[in-house]
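In: starting from these lines, generate the structure:
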Amino acid sequence: MSDFDFPEDLRYTAEHEWVRVGDGPNVRVGVTAYAQDALGDVVYVSAPAVGASVSAGDACGEIESTKSVSDLYSPLSGVVTAVNAALDTAPELINSDPYGEGWIFELELADAALVEDLMDVSAYRENLA
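Out: Numbering: from 1, shown residues only. Now for the predicted structure:
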C-alpha cells in the first residue's frame with residue numbers, strides 16, 4: 001500500500017479515518033487517501049451536526065460516491081465542534097486533499113488520552129497489507 005500517502009503525525013482507525021491532534025482539546029477528523037480511492041469520486045458528505053455527541057466506533061455520517069454510500073465512523077467519543085462547510089459545495093475535496101481541505105469534522109474529546117489507542121502510521125500500513 002505504498003501507493004498512498006499517510007502522514008506520520010496522524011492517528012488512524014481500521015475504518016480508514018484519520019485524527020489530527022491540534023493545540024487544545026479538539027481533534028480534526030477525515031478519511032484516508034486509501035478510503036477516498038476505494039470510494040471513488042465523492043459526490044456528497046453527511047457529517048454529524050455541530051453540538052452532537054458521538055461515540056467511538058459509531059456511525060455518525062455518510063460519504064456518498066459514484067460507486068456507493070459508506071458510513072462515516074467517529075474515531076473517538078466527544079462533542080462535534082465544527083464541520084467542514086466547504087464539503088457542502090465541493091465534496092470532491094475529500095478526493096483531492098483528504099488530509100487538508102477535505103477534513104470532515106472536529107471533535108472535542110471526552111478523553112484525549114484515548115488518541116494513543118488509535119493506530120500510528122506503521123500499524124495502519126500493516127492493517128492495509
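
In: quick one: contacts for the spatially most central residue of the chain?
Out: The residue lying closest to the centre of the chain (CA atoms, centre = their mean) is residue 30, at 2.3 Å. Residues near residue 30 by CB atoms under 8 Å, 6 or more residues apart in numbering: 17-18, 20, 94, 98-99, 102-104. Any C-beta I mention is one placed from the backbone N, CA and C, and that applies to glycine too.

In: mean confidence score for stretch 14-26?
Out: Per-residue pLDDT over stretch 14-26 has a mean of 91.

In: should've said stretch 71-90
Out: Stretch 71-90 comes out at a mean pLDDT of 97.

In: ends of that stretch, how far apart?
Out: Its start and end residues considered, stretch 71-90 measures 19 Å (CA to CA, to the nearest Å).

In: please apply the same query to stretch 88-107.
Out: End residues of stretch 88-107 are separated by 19 Å (CA to CA).

In: which residues touch stretch 4-16?
Out: Outside stretch 4-16, the residues that reach it (CB under 8 Å, 6+ apart) are 18-21, 31-35, 37-38, 73, 75, 99, 115-116, 118-121, 123-125, 127.

In: dump it to PDB, restricted to CA.
Out: C-alpha atoms of stretch 4-16 as PDB (Å, rounded to 0.1, in the frame of the first residue of the first chain):
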ATOM      1  CA  PHE A   4      -0.800   6.200  -0.800                       C
ATOM      2  CA  ASP A   5       0.400   9.000   1.400                       C
ATOM      3  CA  PHE A   6      -0.200   8.500   5.100                       C
ATOM      4  CA  PRO A   7       1.100  11.500   7.100                       C
ATOM      5  CA  GLU A   8       3.300  10.400  10.100                       C
ATOM      6  CA  ASP A   9       1.700  12.900  12.500                       C
ATOM      7  CA  LEU A  10      -1.800  11.400  12.300                       C
ATOM      8  CA  ARG A  11      -3.600   8.500  14.100                       C
ATOM      9  CA  TYR A  12      -5.700   6.100  12.100                       C
ATOM     10  CA  THR A  13      -8.600   3.700  12.600                       C
ATOM     11  CA  ALA A  14      -9.400   0.300  11.000                       C
ATOM     12  CA  GLU A  15     -12.400   2.100   9.300                       C
ATOM     13  CA  HIS A  16      -9.900   4.400   7.400                       C
END
